[in-house]
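Colleague: Pasting a predicted model and its sequence here:
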Amino acid sequence: MMGMLRVLIAVLLIPMPSYAQMRGKTVAVVPSLGFGAGSVMTSAPSLINASLPSLPSPLAALGALAPAPSVMPRAAAAPVAAAPAVSAAPAALGALNSAVAAAPEKPAAPAAAAVPAESQKAESSALFDGAMKILIAGSEAVPFIKTGGLADVVDAVSRGLASRGHDVTIVLPKYRDLKTAGVELAPAGRVLVPIDGRVETANLLVGMRDGVRVVLLEHPEFYERSGGPYAAKHAALGLSAYDAAGIDDADERFGFYARAALEAMRVLDIKPDIIHAHDWHAALIPAFLKSAAYKNDPFFADTKTALTIHNIAFQGAFALATAVKLGFDEAHLAHFGGSNYLKSGIAHADAVTTVSPTYAREIIENPLFGMGLEETLRARGEVHGILNGIDPALYDPATDPLLARNYGVDDAAEGKAANKAVLQEKLGLDAAPGAPLFVVASRLAHQKGIDMIFDSARDIVRLGGQLAIMGTGDAQTEALRAALVLAFPGKVASHPFDENAVRLLFAAADFLLMPSRFEPCGLSQLIAQRYGALPLVTSTGGLADTVVDLRDDPVHGNGLVIRAIASISLSRAVADAISGYHHPQAFPLARRAAMTKDSSWELSLDVYEALFRRLVRAERPESR
């Protein structure tokens, strides 16, 4: 093992050429890899108007992990000439000096939205201003169960709408690992769902949390498994629910969930005005309501549906026979010769949203992002891009109990310096208060650009910076990360991802590295900004909607945008970031802009509420 690490260290210290492919205004599909807890991603797209790296070197082998079957065909990347070494250009400092001096004082522009939230809110009040009964269906929600950002969104939207006076219910499977502390649950009946000639039964448990009704579906065989919410039935095979589709019961588990959520509303006698379904796990709800079993059901006659796509790479694709098992005709779910839950939800929902305006455009306009569903999306005519937000009370450096020292906008320099010193000690980094600290807080995956981060580590260290990586990857990625730490002792450190420790990481950081190949929305950049760390991001999805490049707008800039998807481009952004870090006016100004940026849920809740009101109004007799 030590021999292998020595080889890897030697490889890390050898300058490597960059490889890229340009294809007009689009780029080729990159290899696929495992994504998240118990999931497999189909093909992952890269940026529009950017280059796509192909990484044949040992270090870049991160991008060549065993691919899963993809929805779209992959294209090969062609090499280009090797890029020169990056240096901290004095021109960057000069440009910042002149730009800061010349920039006019003007109010910061809000992030782009799919539709103007303010006008929608005004329109919606005129249309229908009563309280709505809203069912929110998603496979996970904070604080009960979480594997990713979906859980944060389900929780934030449900509590946010409830705080505005709406009657909100969330339905969750009762997983083995579900955390229900503080919520009093009571039995409330049971639901029966036909599947493949048999009847499956779930008991209902109901409680309240922060004004939201919580309904749990208790079905031990489907949900009470070790390994998280997406664990496969046949755990001995080492497969997740995603890559065991042909031999496992993932289709039945979430097909059952969708119909059981509807039947739970009937048992509880709650006629929802709106059902807000999230991702493929709940995408069959709109499909069921338009099926023969429900389309003439008076209980749901006035119910409208909205489907939110969090990541179109995950579609719930199964064999064509699945449709018949769940009571559909094959055409209802058919897509590319199989059954596709997300495609059916898109086709049958009354409204479709996704989690940022740019991602909404990407998945409609570019097949590399749409992953086989772009035509279905185009047929709808409209997809609403609604940015995710964060809870400013939860993520507040002034009150966060997990920090070594609390701070606000006015004492950010002192507060962040204190947190940096503690983090450096904990991770074994050199005690260097003046060293710009770059951090990573994500899955260590190709989609997240971890190969480019590893390639750029050498430049970060050479230019006087430090790098702290918090996250988890597969065995090969972990070996490469360990080699990187050994290659640069005291300069590069790593730690497994930890929900609590990541707050200290953001509080200590000067910059967050987030060179994603695609990013539907992203939350890490929003949290980092709140804690005064400037994100370095690619111009894709929600990253493009939430980060203003300080080189283009020094007054309102709150991060830096990487010009292309390539290691050399990231290294150039790093060099500019380090130049800006040493600028006495530019860096504090950018940090203030980041910390004062409004990334709360309020504007997005305005848009959701307005959309739901319009759907409800469309169904009322007086509107016809």
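Modeller: Sure, I can see it.

Colleague: and the residue nearest to residue 334 when sequence neighbours are not counted, backbone torsions?
Modeller: Closest residue to residue 334 apart from its sequence neighbours, by Cβ to Cβ, 6 or more residues apart in numbering: residue 320 at 6.6 Å. (Each C-beta comes from the backbone N, C-alpha and C, glycine too.) Dihedral angles of residue 320 (phi, psi; degrees, to the nearest 10) stand at phi -60, psi -30.

Colleague: I figured residue 320 hits residue 337, correct?
Modeller: Yes. Between residue 320 and residue 337 there is a contact at 6.5 Å, judged by Cβ atoms under 8 Å.

Colleague: Neighbours of the residue nearest to residue 334, how many?
Modeller: Residue 320: 16 surrounding residues under other Cβ atoms under 10 Å.

Colleague: Residue 290 versus that one, what's the distance?
Modeller: From residue 320 over to residue 290 the distance is 19 Å, taken as Cβ to Cβ, to the nearest Å.

Colleague: ok, now residue 393?
Modeller: Distance from residue 393 to residue 290, by Cβ to Cβ: 39 Å.

Colleague: and those two? which has more neighbours close in?
Modeller: The neighbour count for residue 393 versus residue 290, taken as other Cβ under 10 Å, is higher for residue 290 (16 against 8).

Colleague: With adjacent residues omitted, what lies nearest to that one?
Modeller: Leaving aside its chain neighbours, residue 290 sits nearest to residue 348 (4.4 Å; criterion: Cβ to Cβ, 6+ apart).

Colleague: tell me the secondary structure for residue 313?
Modeller: coil (DSSP: H, G, I helix; E, B strand; the rest coil).

Colleague: State the distance from it to residue 576.
Modeller: 31 Å.

Colleague: and what of residue 289?
Modeller: For residue 289, the distance to residue 576 equals 51 Å [Cβ to Cβ].

Colleague: for the residue nearest to residue 290, what are its contacts?
Modeller: Applying Cβ atoms under 8 Å, 6 or more residues apart in numbering to residue 348 gives the contacts 286-287, 289-290, 305.

Colleague: Same check on residue 315?
Modeller: 42, 71, 280, 340-343, 371-373.

Colleague: Out of these, the closest to residue 505 would be?
Modeller: Relative to residue 505, the closest of the contacts of residue 315 is residue 42; by Cβ to Cβ it sits at 30.6 Å.

Colleague: Mind pulling up the pLDDT for that closest one?
Modeller: We have a pLDDT of 28 for residue 42.

Colleague: again with the one 4 residues further on
Modeller: The predicted structure scores residue 46 at 32 on the pLDDT scale.

Colleague: List the buried residues in stretch 284-304.
Modeller: Buried residues in stretch 284-304, counted by 16 or more other Cβ atoms under 10 Å: 284-291, 294, 300, 303-304.

Colleague: Dihedrals phi and psi, residue 216?
Modeller: Note on residue 216: backbone dihedrals following degrees, to the nearest 10 are phi -110, psi 140.

Colleague: Any regions of the stretch 1-150 of the chain where pLDDT drops low?
Modeller: The stretch 1-150 of the chain contains residues with pLDDT under 70 at 1-129.

Colleague: Show me the helices in the stretch 501-624 of the chain, by range?
Modeller: Ranges of helices within the stretch 501-624 of the chain are 501-508, 524-530, 541-546, 567-581, 586-596, 602-619, based on DSSP state H, counting those that start in this stretch.

Colleague: The second one - contacts with which helices or strands?
Modeller: Packing contacts for helix 524-530, counted by 3 or more Cβ pairs under 8 Å, 6 or more residues apart in numbering; DSSP states H and E, involve helix 501-508, strand 511-514, strand 534-538, helix 541-546, helix 586-596.

Colleague: can you pull out the helices in the stretch 201-350 of the chain?
Modeller: Using DSSP H, counting those that start in this stretch, helices in the stretch 201-350 of the chain cover 220-223, 250-267, 279-282, 284-289, 321-325, 330-333, 341-348.

Colleague: could I have stretch 494-511 exported to PDB, CA atoms only?
Modeller: Provided in PDB are the C-alpha atoms of stretch 494-511 (Å, rounded to 0.1, in the frame of the first residue of the first chain):
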ATOM      1  CA  SER A 494      -8.800  16.200   4.800                       C
ATOM      2  CA  HIS A 495     -11.700  15.000   7.000                       C
ATOM      3  CA  PRO A 496     -14.800  12.900   6.300                       C
ATOM      4  CA  PHE A 497     -18.000  14.900   5.700                       C
ATOM      5  CA  ASP A 498     -19.700  15.900   9.000                       C
ATOM      6  CA  GLU A 499     -22.900  18.000   9.200                       C
ATOM      7  CA  ASN A 500     -21.600  19.800  12.400                       C
ATOM      8  CA  ALA A 501     -17.900  20.200  11.500                       C
ATOM      9  CA  VAL A 502     -18.700  21.700   8.200                       C
ATOM     10  CA  ARG A 503     -20.000  24.800   9.900                       C
ATOM     11  CA  LEU A 504     -16.500  25.400  11.400                       C
ATOM     12  CA  LEU A 505     -15.000  24.700   8.000                       C
ATOM     13  CA  PHE A 506     -17.100  27.500   6.400                       C
ATOM     14  CA  ALA A 507     -16.400  29.800   9.300                       C
ATOM     15  CA  ALA A 508     -12.600  29.300   8.900                       C
ATOM     16  CA  ALA A 509     -12.600  29.300   5.100                       C
ATOM     17  CA  ASP A 510     -11.700  32.200   2.800                       C
ATOM     18  CA  PHE A 511     -12.800  30.400  -0.400                       C
END
